[in-house]
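1. I'll drop the sequence and a predicted model, then ask my questions.
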Amino acid sequence: MGEQRIDVTATTTAPAAAVYALLRDGASWPTWSPLGSFELESPGPEGGESLGAVRRFHTGRTTSRERIVELVPDRRFSYALLSGLAIKGYRADVDLTEGPDGTTIRWRSSFRAKVPGMGGAYRRSLAKFLQRCADGLAQHAAARLTP
């Protein structure tokens, strides 16, 4: 069972700080991503959605639980899947690079399939999902700048 990798990008006219704020706010995710609902299962040691917080997302019949594992203000938001999908060792890093015309969002993840031979199918499905997340985040961040 080999490691699977996904790397998707999107660009937005919004500054990195605005994009980062949306990533940190789990309640905003159902607005700009395919996710159905959000719940903060347990806050991080510093309160709220800080490092170590566990966030729960529900979509259809699937409930995923994710722990925030790295925060670099306005530059990186990282999380690890705790449960909900038939994969293991899932980690995603969302890196933000601000330029003169806005921000590039690079959403990378890696994982292993729990079921032998299913890694490619999970990778293709998750790549589409993550591209929708990145595109939705970019569009929503830009739209929030427009009065």
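-> Ah, there it is.
2. in this protein, which spans are strands?
-> Ranges of strands in the chain, per DSSP state E, are 4-12, 37-42, 54-59, 62-72, 76-83, 87-99, 102-113.
3. Now do the longest helix anywhere in the chain: which elements does it pack against?
-> Determined from DSSP state H, the single longest helix within the chain is helix 119-145. When contacts are defined as 3 or more C-beta pairs under 8 Å, 6 or more residues apart in numbering; DSSP states H and E, helix 119-145 packs onto strand 4-12, helix 16-24, helix 29-32, strand 102-113. To be clear about C-beta, it is placed using only N, CA and C from the backbone, and glycine gets the same treatment.
4. got CSV for the strands of the chain, with mean pLDDT and mean neighbour count too?
-> Shown next, in CSV, are the strands of the chain (pLDDT from 0 to 100; neighbours: other C-beta atoms under 10 Å):
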stretch, mean pLDDT, mean neighbour count
strand 4-12, 97, 18
strand 37-42, 98, 14
strand 54-59, 96, 18
strand 62-72, 97, 16
strand 76-83, 98, 17
strand 87-99, 96, 17
strand 102-113, 97, 20
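5. Out of the ones you listed, flag the one nearest Q139.
-> Proximity to Q139, assessed across the strands of the chain by C-beta to C-beta, is greatest for strand 4-12 (7.3 Å).
6. I'd like to check the angle between the closest one and strand 102-113, please.
-> Strand 4-12 runs at 160 degrees relative to strand 102-113, counting by axes from the mean of the first three to the mean of the last three C-alpha atoms, to 10 degrees.
7. contacts for strand 4-12?
-> Applying C-beta atoms under 8 Å, 6 or more residues apart in numbering, the contact partners of strand 4-12 are 19, 87, 101-113, 119-120, 122-123, 126-127, 130-131, 134-135, 137-139, 141-142.
8. Perfect, I'm done here.
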